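Undergrad: sequence below, structure please.
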Amino acid sequence: MELLENETELVKKLCKRLLLEGDKKQNTRLSILDIGCGTGKLAIHLNEVTGGKVTAIDPVHERIATAKQKAHTNEVAFEVQSADKLNFADETFDVVVSLKALHEMTNLWDTLQESLRVLKAGGKIFVIDWIGGVTRTRSHSNAKKYFAIESKAHATKYFTMKRLEDELAKAGFAEVRVEANKECELMLAEGDKT
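TA: Numbering: from 1, shown residues only. Now for the predicted structure:
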C-alpha cells in the first residue's frame, strides 16, 4: 500500500498499537472497523500488517467500488454505509479506525456514539486526521492552484488537538490521548471503551 509521506509516521504507530491489541487477544483475530475508508488503502494495509479482519465503510458507492477492485483478499470487507448510522450489532469490533476522514463526518456526535456502540468493552478508537489551523500542507502545496484554494476552505473543518480530545471524551471514550506527527500536520488520537 502506498501511504502519503505525511501519513507514514502515524500509520506505523497505529499498526504497532494494533499489533499490541492483537497480542492481548491470544489466538483470536482482531476485528477492525475502518470508518470513512475512501478507496480502502488503510483497510487493506491494516489487514496486511496486523492480520486482522477488517470491515471498511464509506457512504460513497464509487469509493467502495474502487476499494473492492484494489483489494486482493477476502479478508477485507467493504460496505457502503454512513458512519453515523452503522448497521452492525453492539460490541462487534475490537477497534475502530479512521484516516483523515473524521473531519468530513456530517454528524460528529452520532459518528462517535456509533463507534462507541459497536466497540467491544475494552475496545479502542484510533483517529488520524489533520490538525486544525494548518491551511496548506506540503501534500496540498504541490497541487494545482484550485486545490490549494480548496484546501484553505477545507481546513476550517479540521479539529485542533484539544477539540478532538474533548469530543472523544465527551462521547464517552476514556483515557483519550492525542499526539502530532513530526511536521505537526496530522495527529493520532486514541481512546478506550471501558
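
Undergrad: what's next to stretch 78-89, contact-wise?
TA: Stretch 78-89 is contacted by residues 33, 35-37, 40, 43, 55-61, 64, 67-68, 71, 98, 105-107, 110-111, 114-115, 117-118 when judged by CB atoms under 8 Å, 6 or more residues apart in numbering. C-beta: built from backbone N, CA, C; applies to glycine.

Undergrad: how far does it stretch from start to finish?
TA: From its first residue to its last, stretch 78-89 covers 17 Å (CA to CA, to the nearest Å).

Undergrad: please give the element, helix or strand, for residue 87.
TA: Under the criterion DSSP states H and E, no helix or strand holds residue 87.

Undergrad: so who does the residue nearest to residue 36 when sequence neighbours are not counted touch?
TA: Distance criterion CB to CB, 6 or more residues apart in numbering; nearest residue to residue 36, sequence neighbours excluded, is residue 101 at 2.7 Å. Counting by CB under 8 Å, 6+ apart, residue 101 makes contact with 35, 36, 37, 38, 129.

Undergrad: can you redo the residues you listed as JSON lines with distance to residue 16?
TA: What follows is the contacts of residue 101, written out as JSON lines (distance: CB to CB, whole Å):
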{"residue": "35", "distance to residue 16": "21"}
{"residue": "36", "distance to residue 16": "22"}
{"residue": "37", "distance to residue 16": "21"}
{"residue": "38", "distance to residue 16": "23"}
{"residue": "129", "distance to residue 16": "19"}
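
Undergrad: any idea which of the residues you listed is closest to residue 193?
TA: Proximity of the contacts of residue 101 to residue 193 (CB to CB) peaks at residue 35, which lies at 14.8 Å.
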